[in-house]
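[1] sequence plus the predicted model coming up.
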Amino acid sequence: MAGINKNAAQIRANVVSNKRVGQYHQLIINIGDLAQTCRPGNFAAISVGGENSRMVLRRAFAISRVSANSPSGGTMELIVAPHGQGSKWLCAQGEGAILDIVVPLGTAFGIPTEPVQVLLVGGGYGSAPLFGLAEVLNAKGCRVDMLLGASTASKIYAPMEGKRAVNSLRIYTEDGSMGQTGRVTEPIAGLIQDLNIAVIYSCGPMAMLSAIDEIARGTDVVHQCAVEESMACGIGICMTCVLPVADADGNISMLRSCIDGPVMDGSFVQWDKVGKAL
Amino acid sequence: MAGINKNAAQIRANVVSNKRVGQYHQLIINIGDLAQTCRPGNFAAISVGGENSRMVLRRAFAISRVSANSPSGGTMELIVAPHGQGSKWLCAQGEGAILDIVVPLGTAFGIPTEPVQVLLVGGGYGSAPLFGLAEVLNAKGCRVDMLLGASTASKIYAPMEGKRAVNSLRIYTEDGSMGQTGRVTEPIAGLIQDLNIAVIYSCGPMAMLSAIDEIARGTDVVHQCAVEESMACGIGICMTCVLPVADADGNISMLRSCIDGPVMDGSFVQWDKVGKAL
Amino acid sequence: MTALDFSTTLGNAWFPAPTFTASGCASSGRELSQFFDIKAMGGVVTKSVMLKARNGRATPRMAETPSGMLNSIGLQGPGIDAFLAKDVPYLVEQKARIIISIAGETVEEYSTLARKLRSVSGISAIEVNISCPNVENRGLVFACDTEASRRVIDGVRRTIGGELPIIAKLSPDVTDLVSIAKGVVDAGADGLALINTVLGMVINLDTMRPHLGGKTGGLSGPAIKPIAVRAVYQVHAEIPQVPILGMGGISNGRDALEMIAAGASGVSIGTASFGNPTAIMSIQNELKDLLIAKGFTSLRQAIGYAHRPESE
Amino acid sequence: MTALDFSTTLGNAWFPAPTFTASGCASSGRELSQFFDIKAMGGVVTKSVMLKARNGRATPRMAETPSGMLNSIGLQGPGIDAFLAKDVPYLVEQKARIIISIAGETVEEYSTLARKLRSVSGISAIEVNISCPNVENRGLVFACDTEASRRVIDGVRRTIGGELPIIAKLSPDVTDLVSIAKGVVDAGADGLALINTVLGMVINLDTMRPHLGGKTGGLSGPAIKPIAVRAVYQVHAEIPQVPILGMGGISNGRDALEMIAAGASGVSIGTASFGNPTAIMSIQNELKDLLIAKGFTSLRQAIGYAHRPESE
Ligand SMILES: Cc1cc2nc3c(=O)[nH]c(=O)nc-3n(C[C@H](O)[C@H](O)[C@H](O)COP(=O)(O)OP(=O)(O)OC[C@H]3O[C@@H](n4cnc5c(N)ncnc54)[C@H](O)[C@@H]3O)c2cc1C
Ligand SMILES: Cc1cc2nc3c(=O)[nH]c(=O)nc-3n(C[C@H](O)[C@H](O)[C@H](O)COP(=O)(O)OP(=O)(O)OC[C@H]3O[C@@H](n4cnc5c(N)ncnc54)[C@H](O)[C@@H]3O)c2cc1C
Ligand SMILES: Cc1cc2nc3c(=O)[nH]c(=O)nc-3n(C[C@H](O)[C@H](O)[C@H](O)COP(=O)(O)O)c2cc1C
Ligand SMILES: Cc1cc2nc3c(=O)[nH]c(=O)nc-3n(C[C@H](O)[C@H](O)[C@H](O)COP(=O)(O)O)c2cc1C
Ligand code: FES
Ligand code: FES
């Protein structure tokens, strides 16, 4: 069993900027030297609602990108969807606001030691960490192709700068308002063959991850996915965020997605048992 | 039994300004036409903590003064002591903040029909409504003398403009940091005689009101005091804010200080029974 | 716009909307009518009235707690005769629908109160608040004892006859809520009101003593909402035919819908009105909009919905 | 600076500070040591361990509620043998003081667990979590039944002998907490842990079904603090000689002092650590400062202070 991310620390951090991007907010937050320890796939856990808040739990957000030497020091970028009260509060925090953050948390995407062909698949705000990941993979000499999907155009997050490290980017929306009409999972089987994909990296809704895993099963493709379970603590002490995962011997146990994830080997996750008692 | 203040309404109101004055904050709030219906002694009940607040109850504040035709429309002034979480939150609301307010509430100080000699006694932020009251009394031709007391200088609230309507103002602090050293109640017995006082108006801590009442008892002086009991609703529906008060026949019952007060005839309040079960 | 049948029933009493005041949280109803038309809501549940006038407990009577509050009012009130003479006629005149809440210290007192109500016109139902100390049994709260609860309801039922619906209001501070609920239904209750406040305490750190005059107090507000939803769900699961007036922390339309899905036929709103005098009307409107948005054509369809198997 | 004796005792176990983790809210202790030195707090109460490994309940296992949360973990854990082999040695190595929490489904299972602990060194006390369904009695929770509670503690006491303090952890979801407390003390408990979570439920309005995999869950956090303070006060009033580990919603030093004034000899912190990994250390420091500011020279003087007559 993995332990808590050894780099994790609790800090009070400044919001450098907050910009609306489609239906999301892009927050840049000054986290100082901690930026150097963040890896693609890691997440941050943030207190929400301020001093008199009735919300007692932190909210988890994937780190989209870090910049170790921005003019305002080490920063991280988050892409936040205003969903419920907590994320809406976060989206309302302007420049200069101070946040209580624990970062970096969780596992990171594994980076191949050889330059290989990889496919990155993102759903909704799930694309956020993929652009930072693409840069790292690109620097390793990997060829990076990317698929992004969402229900509608405004839920596609695909920043211009992000595309530099990507060889090809295809966008799917269910309502056809951007890119192809349909689901992001549709072309995957074809691409695996055509492009000789070695690794799929995915981040998005659980149903998408599960569908990708079904496609990858039976092929040689490694599937690294970033799962998203409800988390009460983010640091491994509450056991609420568990998923049924098999070990090498096939023994299934409930692993904490905040410590043994969010990035997991998709082939070990027991997708059919998620949300059921073992 | 009195009913709820017939002028009361629930509004969303803008903070026009927020200034620190000693240990208090002076808040000017735009309440539009409601300003015309506020009388000295009335109070406002304000929601605190914002949308995700764990504070479920309103906070009560005496209306210090109203201005029906200020440049920003009808406004009221509050003098707020940062005490616990709710009042601290209020003191942190800057210009432009929007507050949920129910105003005006409660009874008002009775104004004599004849010009008489009156004494106004305030403790701490209890002086706030007395300056507005002094103006009304002064306009009626009354001679207004005022005593203010507090533990220390920074807790004396006595604005320059406020003194216009006052014939004399004496200040007492317990630590001697401003005015005379001692309690504001000390000179009252003497003043009643010397100045031929007809009415004492008081506002401040319950212990001060009770002490004044003891002095006034046995004299002809009418004592109108603004009491301060913990209030959950401010509008008469919860029965938490009660005080033991006698009626003309001497029957004592628990009256709601938000509806039958805050201004009450001190001689009817059963000071020795406050905080006890009847 | 879709038509929605928003009406509900508690026993044989019909109400145009399922939103009520909670007993003790609207005084006589007069004060709220400063803020909205009180006949626009489902109905007024009046403050629990006792036989004699009562001064209640010493102050402080309240303490705010995280997302909630404690109260220890001690049933201050004018007594049933003054109440019937002054408060009820006002509500009748306003055309508000009225549920009278009664409280007593002995089984006999409850019956006497019921007798006084028998001939009063304009009343839709009686809520029997049995979360009161039983002076005949070491002050043990009636609602904490199955047998005492039954006896109170039995006495009221016999006195009142079969017409006026009796709603028994239970306390959550018990080991086995379902058996108490079944007991009072057996004894003649037509409906249940769930939940009364949860016993709590706050220590004042200045005095280092219990803050409230009554030492302990009743916890209400959003803090207890999950407890209330659980109570309604548990009881509805066992006796689905018995209508429930659900309450405890309801502050918006979503809270109300949770309670209805758990099994409540109507909801009472207490503490929320302290923070917001127009809370009941907002909740009523939000609930209506939510039901319509979810495609319901009647409130009735949503009652107890959470008990259906996942597949439906 | 005034010297303060901040130490406390639970039975014959001594702790340098009165602040502990709450069972199930600190995993094995390893995770928190990323944020502070775990031997600096009073002690670690470990997650309730059962005889066999257990996977626990289906997800979702949590729901946030106003100033609180519901959880339904279902006692996921590695089983006592793996726990003693892996988790305890780590804590011993860190020089943390350790209270082991055990849970079972039968009276026998508790005794067996106690037997396994008898020879383990480095343990300060055993916390017996009896808020578990008793499979031998229709799943009725042990802590809801005076007799079953007594039998569990009696079994553990006989097995463990007289050395290791036994702390019985009780549920607030009962009609008469004091009699259950007295029962387990009679049966051999040296101390009490009050309170476990309060049973609650949240309905998910998207699915219109109970949100949690386990349907109901345990309510914790600031929302339940007044209930916890009341429970500690009630029990301390009746059996002041029995040390209490108080918990339920403690989030800052003031909350901790409330609990101590109500009668707790120590406090456990659960949910607050989820929102703030360093909560326990802040609470410990704030409590110390508060005691000093109020002129206490020892923690002991403040325990149960709220029970003194007003005049003192
Ligand atoms: C590892 C991880 C990475 C994430 N990355 C992002 C991201 O980059 N951008 C983004 O917009 N969102 C992300 N999320 C989801 C985000 O955490 C939730 O949208 C957010 O917690 C919702 O909080 P709320 O108060 O707005 O909603 P509410 O529904 O009011 O939240 C209530 C409770 O449920 C929990 N909860 C609700 N939805 C989710 C969810 N989808 N996942 C986990 N917990 C949930 C909350 O933490 C909270 O405790 C991520 C979640 C996880 C676990
Ligand atoms: C009629 C009236 C007029 C008032 N006028 C003023 C004023 O002009 N300026 C000013 O600074 N304060 C005034 N107060 C007191 C003010 O209401 C309290 O200081 C404030 O409610 C404290 O809230 P808090 O959240 O800061 O403190 P907390 O102690 O955290 O409050 C907790 C709870 O206790 C209640 N409470 C605490 N202290 C008081 C108190 N002294 N009176 C009533 N309720 C209390 C609060 O309303 C809240 O519900 C007045 C009170 C009343 C009843
Ligand atoms: C100040 C106050 C007074 C109350 N008085 C009564 C009462 O007289 N009779 C009664 O049955 N319940 C009484 N209750 C309980 C409420 O009716 C209700 O059951 C409880 O407060 C939970 O609902 P809420 O969270 O919406 O307030 C009172 C509650 C409060 C807060
Ligand atoms: C996620 C979670 C898991 C818990 N697991 C246990 C447990 O295994 N054994 C136990 O006795 N109590 C358990 N509890 C209850 C806590 O120990 C504590 O009694 C309760 O949460 C109240 O304290 P708090 O409000 O500080 O969290 C758990 C609570 C939570 C929130
Ligand atoms: S979120 Fe608490 S263990 Fe993962
Ligand atoms: S504050 Fe509610 S009745 Fe006065």
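    Sure, I can see it. Keep in mind it's a predicted model, so treat the numbers as computed, not measured. Ligands and ions are numbered 1, 2, ... in the order given.
[2] and the residue of chain C closest to ligand 3?
    C:G24 (1.9 Å; CB to the nearest ligand atom). Glycine gets a C-beta too; all of them are placed from N, C-alpha and C.
[3] pretty sure that residue is touching C:K47, no?
    Yes: C:G24 lies in contact with C:K47 (CB atoms under 8 Å); the separation is 4.8 Å.
[4] shared neighbours, those two?
    B:M239, C:S101 (CB atoms under 8 Å, 6 or more residues apart in numbering or on different chains).
[5] now whichever strand or helix holds C:I227: buried residues?
    Using DSSP states H and E, C:I227 maps to helix C:225-238. Neighbour-count burial for helix C:225-238, counted by 16 or more other CB atoms under 10 Å in any protein chain shown, picks out C:K225, C:P226, C:I227, C:A228, C:V229, C:R230, C:A231, C:V232, C:Y233, C:Q234, C:V235, C:H236.
[6] need the residues you listed in a markdown table with distance to chain D, can you?
    Putting those into a markdown table (distance: CB to the nearest CB, whole Å) gives the following:
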| residue | distance to chain D |
| --- | --- |
| C:K225 | 7 |
| C:P226 | 3 |
| C:I227 | 5 |
| C:A228 | 9 |
| C:V229 | 5 |
| C:R230 | 4 |
| C:A231 | 9 |
| C:V232 | 9 |
| C:Y233 | 5 |
| C:Q234 | 8 |
| C:V235 | 12 |
| C:H236 | 11 |
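[7] near ligand 6, from those?
    When CB under 6 Å from any ligand atom is applied, no member of these is adjacent to ligand 6.
[8] closest to chain B out of those residues?
    Nearest to chain B out of these is C:K225 (CB to the nearest CB; 11.6 Å).
[9] quick one, what contacts the spatially closest residue to that closest one that is not a sequence neighbour?
    Nearest-residue entry for C:K225: C:G249, 3.2 Å, with adjacent residues in sequence omitted and distances by CB to CB, 6 or more residues apart in numbering or on different chains. C:G249 is in contact with C:67-68, C:220-225, C:228, C:255, C:271-272, D:66, counting by CB under 8 Å, 6+ apart.
[10] just the pLDDT for C:G249.
    On pLDDT, C:G249 comes in at 98.
[11] again, but for the one 3 residues further on
    The confidence metric pLDDT takes the value 98 at C:N252.
[12] now for it: which residues touch it?
    Applying CB under 8 Å, 6+ apart, one finds that C:N252 lies in contact with C:S282, C:I283, C:E286.
[13] rerun at 7 Å
    C:N252 sits next to C:I283, C:E286 when contact means CB atoms under 7 Å, 6 or more residues apart in numbering or on different chains.
[14] what does C:T19 give?
    C:M41, C:G42, C:V267, C:I269, C:I280, C:I283, C:Q284, C:L287.
[15] which positions in the helix or strand that contains A:Q193 come out as buried?
    For A:Q193, the host element (DSSP H and E) is helix A:188-195. Of the residues in helix A:188-195, A:I188, A:L191, A:I192 count as buried by neighbour count, 16+ other CB under 10 Å.
[16] and for stretch C:142-152?
    Taking 16+ other CB under 10 Å as the criterion, stretch C:142-152 shows C:F142, C:A143, C:C144, C:D145, C:T146, C:A148, C:S149, C:R150, C:R151, C:V152 as buried.
[17] can you count the residues close to the residue lying closest to the first one once chain neighbours are set aside?
    Pointing back at C:F142 there. Leaving out its chain neighbours, the residue that sits closest to C:F142 by CB to CB, 6+ apart is C:I130, at 4.1 Å. By other CB atoms under 10 Å in any protein chain shown, the residues close to C:I130 number 31.
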